[in-house]
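J.: dropping a prediction and its sequence here:
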Amino acid sequence: MTKNDLIDQMALNAGISRSAANKALEALVTGISETLMDGKRMSLQGFGSWSVYERTARNGRNPRTNAPIFIPSKQVVRFKPSSQLTKKINP
């Protein structure tokens, strides 16, 4: 599903215009992004939660040359689906 497909589905299900659905989706994405950038956890009951954690630095290898490389630490986003969503996907 693409973003445009999601906007169409949101507009149809909510009975609103496509532009209003687009604004709602943009507001949701912005809210989630800003919360995660602040290092906080974002949760939508019945859907799941997003959180930020730091992946530690480690040593790796370049697969092409097999030379050792250093992979620095970085922050990554983790999504954990709720049990309700998991039950819907796996009845």
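T.: Perfect, thanks for sending it.
J.: and stretch 68-88, average pLDDT?
T.: The average pLDDT for stretch 68-88 rounds to 95.
J.: so what touches that stretch?
T.: 36, 44-62, 89 (Cβ atoms under 8 Å, 6 or more residues apart in numbering). (C-beta placed from N, C-alpha, C; glycine too.)
J.: buried ones among those?
T.: For the contacts of stretch 68-88, a burial check counting by 16 or more other Cβ atoms under 10 Å picks out L36, G48, W50, S51, V52.
J.: helices - which of the residues you listed land there?
T.: L36 (DSSP state H).
J.: out of the buried ones among the contacts of stretch 68-88, which two sit at the greatest distance?
T.: G48 and V52 (14.6 Å; Cβ to Cβ).
J.: buried ones in stretch 3-14, by neighbour count?
T.: Those would be I7, M10, A11, for stretch 3-14 by 16+ other Cβ under 10 Å.
J.: those into a markdown table, with extra columns for secondary structure, distance to M1 and pLDDT?
T.: Listed next are the buried residues of stretch 3-14 as a markdown table, based on DSSP: H, G, I helix; E, B strand; the rest coil; distance: Cβ to Cβ, whole Å; pLDDT from 0 to 100:
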| residue | secondary structure | distance to M1 | pLDDT |
| --- | --- | --- | --- |
| I7 | helix | 10 | 96 |
| M10 | helix | 11 | 95 |
| A11 | helix | 14 | 96 |
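J.: with those in mind, which one is nearest to N66?
T.: Proximity of these to N66 (Cβ to Cβ) peaks at I7, which lies at 46.2 Å.
J.: what residues are up against that closest one?
T.: R18, A21, N22, L25.
J.: in ChimeraX, how would I select the buried members of those residues?
T.: ChimeraX command restricting the contacts of I7 to the buried ones, with burial defined by 16+ other Cβ under 10 Å:
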select :21,22
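J.: just the ones in helices from the contacts of I7, please.
T.: Those of those mapping onto helices are R18, A21, N22, L25, per DSSP H.
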